[in-house]
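1. Need a 3D model of the sequence below.
(2 chains)
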Amino acid sequence: MSAYVGNIVDSVTSIFDGMAVTFSHFFRRPYTVQYPDRMPVRVQDALPYRYRGFLEVDLEICTGCLACERACPIDCIAIDVLKNKETKQNLLVRFDIDLAKCMYCGLCSEPCPTGSIHHTREFEGADYSLESMVRRFVLDPVETYKPKKSGEDDPAIVPILERGMRYVNEFAVPEAPPKPPKKDAAPAVKPAVGAAAAEGQP
Amino acid sequence: MSLELEFDDGREVFATEEMTLNMGPQHPSTHGVLRFIIRADGEVMRSAKADVGYLHRSIEKIAEKVGWHGFMPYTDRVDYVAAMTTNQAWAIAAEALGGVTVPRRGEYCRVIAAELGRICSHLLAAGAMGMDIGAITPFTHAVRERELINDLLEELCGARLTFNYMRIGGVAWDLPPGFDAKVLRFLNHFEPYVDELDDLLSNNKIYIERLANVAVVSRERAIAYCLVGPNLRASGVRYDIRKHLPYSVYPEFDFEVPIGTGRHGSVGDCWDRYIVRLDEMRQSARILRQALEGLPEGPVIAKVPRNYKPAAGEVHVHVETPRGDQSWYVVADGTEYPYRVHIRTGSFAAMSIIEELSRGLMVADLVALIASFDIVAPEVDR
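-> Residues are numbered from 1 along each chain as shown, chains lettered A, B, ... in the order given. So this is what the prediction gives:
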């Protein structure tokens, strides 16, 4: 009999314990996150810098080294590079990324020497057909970017390269060679670009 | 149970017969695409046979085609609730084959990420368990906390579920500036919350009545069925890979391995399996605090060639994931692709014991049983 009453008392008190927790939430700051269209900023801008959204390519600084194509485990990147025999300049004729296939792993943007291929914070890509998910970045063949020994000075490219290098620098630097000492952006950029691009040239 | 009442001419009055029920593959209370073929007599089950394979994506075979670096994103998909530990397992296996040493800061980053992932997974397990029993509120509370961790991990690696954070040789990104302060702030908020979950759910009399003494797994049976992780520890076996087959920098941390005590019933019942996960969250928080305090400086990733070709050989690594000992058997033949990858996961072992435990249980208890084992469907099939 006492166990029976004890059980009832136990049930009632434990329910009130739980209710006390629920009740205390009336006086706490709510966790509610508003719908994206009610937020003061665009939801894309509220995402962290490393967010892996749609891939984007800055053709101005693409060296055509194919490192991203090789790194992609599912071959969703297709790049065609032609060599112009007269000017010895590489010509980028195709740079397609199939965003429907892409799994947003970030393996392609990691080896990019200039940060040309990078993840944006865009993620809304609903569409009616799969074909429209293939992003074709090269509309007219463009020459690949050749890093300059003395650092970049073309005012049209400098900001793009700076953005790219900021993206690349976000990735961890391997143990050896040791981290280069902090200098201003331009000299630190130069060796990385030169080395990787030389490796990528056919 | 049929009643032995007969008409005069010998016909049974209450002829009951066994019913075959299908639970799943699409069922709201099985976690993912699981199917059980239940033979039930009224409310009492004769057996619940697990039918696995609905989420088979041949991940092990994919490994043989995408190479060492390229397989990392796929490991996220093995166990999508706790992708960090699976990442770590693959990285450790590949490093062991190639003889790569991970820098100390890289190991610490891994531990921080993995423990955050563990809390994340256990929160979902505890919350979903409450929801399967019928307590909806704790689930929203648990998912709210999980959201905070997801935000942290998103800042760390840019994704909320399929992290792809670790690389062979270390991790891809260093901790972002101010990350340790954010994790500390989260821990200060989170540790009292676990006690709150006790009040809200664990000590609730109805909840205890539903779980205590249900589907008791004895110590011997747990070992015989190769249960691992929290399911094994709930049966009173103190076995944790982090403690007993240490990897990474876990020996440097001071933490305990909680085991089931049978506080409200017998050792190894559903309630024990639940409470062990709650205790583990507290221990993970302890590890996180120590890791943040002792975080060394330096690089986070070793120099590993892009065209990674470990020497021929084989390796068998064990990693403690939230669902227990996940062991990876990897064979390399000296090329840029693994020769064979085999993953042994904790959920698969847990699935095998359900048929035996379900005998004589109520149909409604099967849901509690599945939830208490914290089975994640993609981990069963891979």
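
2. alpha carbons only for contacts and neighbour counts from here, please
-> Noted.

3. Now for the nearest residue to residue B:219 once chain neighbours are set aside: which residues touch it?
-> Distances taken as Cα to Cα, 6 or more residues apart in numbering or on different chains put residue B:235 closest to residue B:219, at 5.1 Å, once the chain neighbours are dropped. By Cα atoms under 8 Å, 6 or more residues apart in numbering or on different chains, the residues touching residue B:235 are B:217, B:218, B:219, B:222, B:259, B:260, B:267, B:268, B:269, B:272, B:273.

4. Any idea how many residues pack against the residue lying closest to residue B:19 once chain neighbours are set aside?
-> Closest residue to residue B:19 apart from its sequence neighbours, by Cα to Cα, 6+ apart: residue B:40 at 5.2 Å. Using other Cα atoms under 10 Å in any protein chain shown, the number of residues around residue B:40 comes to 21.

5. Parallel or antiparallel, which strands does the helix or strand containing residue B:40 pair with?
-> Assigned by DSSP states H and E, residue B:40 falls within strand B:35-41. Using DSSP bridges, strand B:35-41 pairs in its sheet with strand B:19-23 (antiparallel), strand B:44-51 (antiparallel).

6. Check what contacts the first one and list those residues.
-> Translated: strand B:19-23. B:35, B:36, B:37, B:38, B:39, B:40, B:41, B:42.

7. rerun at 6 Å
-> Strand B:19-23 is contacted from outside by B:35, B:36, B:37, B:38, B:39, B:40, using Cα atoms under 6 Å, 6 or more residues apart in numbering or on different chains.

8. Also the last one?
-> Contact with strand B:44-51 is made by B:35, B:36, B:37, B:38, B:39, B:40, B:355, B:358, B:359, B:360, B:361, B:362, as judged by Cα under 6 Å, 6+ apart.

9. Would you reformat those residues as a markdown table and include pLDDT?
-> Output for the contacts of strand B:44-51, formatted as a markdown table (pLDDT from 0 to 100):
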| residue | pLDDT |
| --- | --- |
| B:35 | 83 |
| B:36 | 84 |
| B:37 | 87 |
| B:38 | 86 |
| B:39 | 86 |
| B:40 | 84 |
| B:355 | 85 |
| B:358 | 84 |
| B:359 | 84 |
| B:360 | 82 |
| B:361 | 84 |
| B:362 | 84 |
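
10. any chance of those residues in a markdown table, with distance to residue A:13 too?
-> Formatted as a markdown table, the contacts of strand B:44-51 follow (distance: Cα to Cα, whole Å):
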| residue | distance to residue A:13 |
| --- | --- |
| B:35 | 38 |
| B:36 | 37 |
| B:37 | 39 |
| B:38 | 37 |
| B:39 | 39 |
| B:40 | 36 |
| B:355 | 36 |
| B:358 | 32 |
| B:359 | 34 |
| B:360 | 32 |
| B:361 | 29 |
| B:362 | 28 |
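
11. one step back: quick check: bridge partners of the residue nearest to residue B:19?
-> Judged by DSSP bridges, the bridge partners of residue B:40 are residue B:19, residue B:45.

12. That one: what's it in contact with?
-> Contacts of residue B:40 (Cα under 6 Å, 6+ apart): B:18, B:19, B:46.

13. Surely residue B:268 touches residue B:214?
-> No - using Cα atoms under 6 Å, residue B:268 makes no contact with residue B:214, being 9.0 Å away.

14. higher neighbour count, these two?
-> residue B:268 (29 against 23).

15. tell me the pLDDT at the closest residue to chain A within the stretch 1-150 of chain B?
-> Relative to chain A, the nearest point of the stretch 1-150 of chain B is residue B:70 (4.9 Å; Cα to the nearest Cα). pLDDT for residue B:70: 87.

16. now the helix ranked longest in chain A: how far from the chain's centre is it?
-> As assigned by DSSP state H, the longest helix anywhere in chain A is helix A:2-24. Distance, stretch centre to chain centre, for helix A:2-24: 51 Å (Cα atoms, centre = their mean, to the nearest Å).

17. What number of residues are in the vicinity of residue B:192?
-> Neighbours of residue B:192 (other Cα under 10 Å): 11.

18. what about the host helix or strand of it, near chain A?
-> Taking DSSP H and E as the criterion, the element that holds residue B:192 is helix B:179-197. No - Helix B:179-197 lies out of reach of chain A by Cα under 6 Å from any Cα of the partner chain, never closer than 7.0 Å.

19. That helix to helix A:2-24, inter-axis angle?
-> Interaxial angle, helix B:179-197 versus helix A:2-24 (axes from the mean of the first three to the mean of the last three Cα atoms, to 10 degrees): 140 degrees.

20. Is chain A within reach of the helix or strand that helix B:179-197 is followed by?
-> Per DSSP H and E, the first helix or strand lying C-terminal to helix B:179-197 is helix B:205-211. Yes - judged by Cα under 6 Å from any Cα, helix B:205-211 comes into contact with chain A through residue B:205.

21. Next: stretch B:250-270.
-> No - Stretch B:250-270 does not reach chain A (Cα under 6 Å from any Cα); its nearest approach is 12.7 Å.

22. Mind checking the pLDDT average for that stretch?
-> 85.

23. what sits up against it?
-> B:211-217, B:233-236, B:272, B:283, B:372.

24. Quickly note the distance from residue A:135 to residue A:125.
-> Separation of residue A:135 from residue A:125 (Cα to Cα, to the nearest Å): 11 Å.

25. Please list the residues of chain A that sit near chain B.
-> By the rule Cα under 6 Å from any Cα, the part of chain A lying against chain B is A:11, A:14, A:17-18, A:48, A:50-52, A:73, A:105, A:171-172, A:174-176.

26. unless I'm mixing things up, the residue of the stretch 1-150 of chain B closest to chain A is touching residue A:73, no?
-> Yes - because the distance of 4.9 Å satisfies Cα under 6 Å, residue B:70 is recorded as touching residue A:73.

27. For these two, indicate the residue with more neighbours.
-> residue A:73 (25 against 21).

28. Confirm for me that that one is in contact with residue B:69.
-> No - if you go by Cα under 6 Å, residue A:73 and residue B:69 don't touch, sitting 8.4 Å apart.

29. coming back round to it: buried only: go through the contacts of residue B:40 for me.
-> For these, a burial check counting by 16 or more other Cα atoms under 10 Å in any protein chain shown picks out residue B:46.

30. Throw the contacts of residue B:40 into a markdown table and include pLDDT and distance to residue B:309, thanks.
-> Formatted as a markdown table, the contacts of residue B:40 follow (pLDDT from 0 to 100; distance: Cα to Cα, whole Å):
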| residue | pLDDT | distance to residue B:309 |
| --- | --- | --- |
| B:18 | 81 | 58 |
| B:19 | 83 | 56 |
| B:46 | 83 | 52 |
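
31. Is it possible to get CSV of the contacts of residue B:40 that adds distance to residue B:144?
-> Formatted as CSV, the contacts of residue B:40 follow (distance: Cα to Cα, whole Å):
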residue, distance to residue B:144
B:18, 43
B:19, 40
B:46, 38
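
32. Residue B:233: what's it in contact with?
-> residue B:259.

33. can we see that at 7 Å?
-> B:239, B:259, B:260 (Cα atoms under 7 Å, 6 or more residues apart in numbering or on different chains).

34. next one: residue B:162
-> Counting by Cα under 7 Å, 6+ apart, the residues that residue B:162 touches are B:76, B:77, B:80, B:83.

35. one more time with 6 Å
-> residue B:76.

36. for the biggest strand by length in chain A, packing partners?
-> Using DSSP state E, we find that the single longest strand of chain A is strand A:89-98. Other helices and strands packing on strand A:89-98, by 3 or more Cα pairs under 6 Å, 6 or more residues apart in numbering or on different chains; DSSP states H and E, are strand A:77-84, strand A:134-136, strand A:142-143.

37. All set, thanks.
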